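In: Quick one: sequence plus predicted model below, questions after.
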Amino acid sequence: MITPHNILRHELIGLKVEIVEAKNKAMIGIKGRVVDETRNTLVIEKEDGREVIIPKDIAVFLFQLKGCKVKVDGRLLIGRPEERLKKKIKILYPY
């Protein structure tokens, strides 16, 4: 089960997400569901069906989990999910 404390060690595909901060101001406010993940990007399917590719290192994401939301700096997400398992990362707290 995905919790705010272990979200970085889980698969992100299928989670609802919103971009709350980004270097590119046009990306702020993009909402949708994560449909693909590469080493450096997340592919988000917006509500209108279009897909947007977002670089992980320039954005802060707000993931919606069961019962809470978690704010995650995209720089912590860089790498494949199997690579993130090996990293030592500070515990995140719910937003």
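Out: Received the coordinates, thanks. Keep in mind it's a predicted model, so treat the numbers as computed, not measured.
In: List the neighbours of the worst-scoring helix or strand of the chain on mean pLDDT that are in contact with it.
Out: Using mean pLDDT, DSSP states H and E, helix 81-84 stands out as the lowest-scoring helix or strand of the chain, at a mean of 76. Identification of contacts with helix 81-84 by CB atoms under 8 Å, 6 or more residues apart in numbering yields 8-12, 37, 39, 77. Backbone N, C-alpha and C define where each C-beta goes, glycine included.
In: got it, and stretch 8-23?
Out: With CB under 8 Å, 6+ apart, stretch 8-23 has contacts from 2, 27-37, 42, 44, 54, 58-65, 71-72, 76-77, 81, 84-85, 87, 89, 92.
In: Which ones among these map onto helices?
Out: Per DSSP state H, helices hold the following members of these: 81, 84.
In: Kindly give a single PyMOL line that selects the buried subset of the contacts of stretch 8-23.
Out: Restricted to buried positions by 16 or more other CB atoms under 10 Å, the PyMOL selection for these reads:
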select buried, resi 2+27+30+32+34+37+42+44+54+59+60+61+62+63+65+71+72+76+77+84+92
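In: partners of the spatially most central residue of the chain in the sheet?
Out: Centrality entry for the chain: nearest residue to the mean C-alpha point is residue 61, 5.0 Å, by CA atoms, centre = their mean. Taking DSSP bridges as the rule, residue 61 bridges to residue 19, residue 72.
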